[in-house]
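**Student:** This is the structure alone, sequence omitted:
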């Protein structure tokens, strides 16, 4: 790894190594070390051995402290779930470790950068490297930030929502969930898939991954999908208020589509009390992720002055951004707004904007 990669990885890990050769070793797979690269560190196998024990101990201590009423049997199962290969591999992917690990040519070509066992081992090796560099305290901090029992239980709750969703779909007539591959990119041995989840043909989420299964997991935003079921009465009793609850859960997780839909419920007063300020808030959250519908909605809101001070500049800006993303209604609205601006003899230019900024200064 070069210096920039090491620095970026340490930033993600939240720990700055005194001896970054330990981090290099943690990111060196045996397949690379066995190729006898000149000057390369030994493989991470010994670090993995140490990290496995450190991880189990640190997680056990946190479970003991965080769950004073949990019986021993449940404590054991929770620890096993947290330290398992699946959990560690998911954490490794969030750090982008697959791109950082030094692999032998054959291992790299056979998909080693996405292999769960290699990714999980790398996390354990990093934990050992942190211990050797700084002791138990930073190891505990690392576990608390990324593998906290409370956080793990919260994430597991989301997985349970997915199970609940599957049960709903399979037991109720007229509700169908399917996943559609909408894009494939990259060479055959390193393909990236983009998959859309659809409920009764309606878009319900999108995800990407190095396999179809991984992409489907990303697309299966169960909270957003449950919101759609309640909003449209697909297999469930139509309940806009319950839909708003689930949209809010997904919106707070950063789902741009849920943010837009929640804003729309506040705009219509559907299932919630009408609140244009909240509409603007959630539309702006979605607009930060370039959601075209939210950009279009904000353009209209600022042009009409609904719940906000009328601002034609913001209206033009939002509508132009939405139009630039191919939003047909925004394109027509932009033409209408620009026509209204011109007919009202409103003139603006970049120079005027600059003068205004200077006056503010």
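**Tutor:** Sure thing, it's come through. In this text, all values refer to a predicted model and were calculated from it rather than measured experimentally. Residues are numbered from 1 along each chain as shown.
**Student:** Quick check, residue 256 in contact with residue 289.
**Tutor:** Yes. Between residue 256 and residue 289 there is a contact at 4.0 Å, judged by C-beta atoms under 8 Å. Yep, even glycine has a C-beta here, placed from its N, CA and C like the rest.
**Student:** who's more crowded, the two?
**Tutor:** residue 256 (20 against 13; other C-beta atoms under 10 Å).
**Student:** residues in contact with the helix or strand harbouring residue 264?
**Tutor:** Using DSSP states H and E, residue 264 falls within helix 256-268. With C-beta atoms under 8 Å, 6 or more residues apart in numbering as the test, helix 256-268 has contacts from 203, 205, 221, 223-224, 227, 231, 240, 243-244, 247-248, 250-251, 270-272, 274-276, 278-283, 285-286, 289-291, 293-294, 297.
**Student:** Of those, keep whichever come out buried.
**Tutor:** 205, 221, 223-224, 227, 231, 240, 243-244, 247-248, 250-251, 271-272, 275, 278-280, 282-283, 285-286, 291, 293-294, 297 (16 or more other C-beta atoms under 10 Å).
**Student:** Mark which of these are part of helices, please.
**Tutor:** Of those, the ones assigned to helices by DSSP state H are 223-224, 227, 231, 240, 243-244, 247-248, 250-251, 278-280, 282-283, 285-286, 293-294, 297.
**Student:** Map the structural domains onto the sequence of this protein.
**Tutor:** 3-147, 157-271, 290-361 (automatic domain parsing).
**Student:** Give me the most central residue, this protein.
**Tutor:** residue 254 (7.1 Å; C-alpha atoms, centre = their mean).
**Student:** What pLDDT does the model give the residue lying closest to it once chain neighbours are set aside?
**Tutor:** Nearest non-adjacent residue to residue 254, counting by C-beta to C-beta, 6 or more residues apart in numbering: residue 289, 7.8 Å away. pLDDT for residue 289: 86.
**Student:** Helix, strand, or coil at residue 289?
**Tutor:** Of the three states, residue 289 takes coil under DSSP: H, G, I helix; E, B strand; the rest coil.
**Student:** what bits of the stretch 151-300 of the chain have low per-residue confidence?
**Tutor:** For the stretch 151-300 of the chain, residues meeting the criterion pLDDT under 70 lie at 151, 153-173, 175, 189-190, 204-205, 210-211, 213-215, 217-223, 234-236.
**Student:** that older thread, next one: phi and psi at the residue nearest to residue 254?
**Tutor:** Dihedral pair for residue 289: phi -100, psi 20, per degrees, to the nearest 10.
**Student:** same deal with residue 198?
**Tutor:** Backbone torsions of residue 198, given as degrees, to the nearest 10, read phi -130, psi 130.
**Student:** Could you do residue 184 as well?
**Tutor:** phi -130, psi 140.
**Student:** if I read this right, it contacts residue 192, doesn't it?
**Tutor:** Yes. Taking C-beta under 8 Å as the definition, residue 184 is a contact partner of residue 192 at 7.3 Å.
**Student:** Let me know the average pLDDT across stretch 318-326.
**Tutor:** Across stretch 318-326, the average pLDDT comes to 92.
**Student:** next one: that stretch to chain centre, how far?
**Tutor:** 24 Å (C-alpha atoms, centre = their mean, to the nearest Å).
**Student:** helix/strand/coil for residue 340?
**Tutor:** Applying three-state DSSP: residue 340 is helix.
**Student:** and it, how many neighbours?
**Tutor:** Residues within reach of residue 340, counting by other C-beta under 10 Å, total 13.
**Student:** Tell me how far it lies from residue 29.
**Tutor:** 63 Å (C-beta to C-beta, to the nearest Å).
**Student:** try residue 120
**Tutor:** Counting by C-beta to C-beta, the separation of residue 120 from residue 29 is 12 Å.
**Student:** Ok, residue 51 next?
**Tutor:** From residue 51 to residue 29 the distance is 14 Å (C-beta to C-beta).
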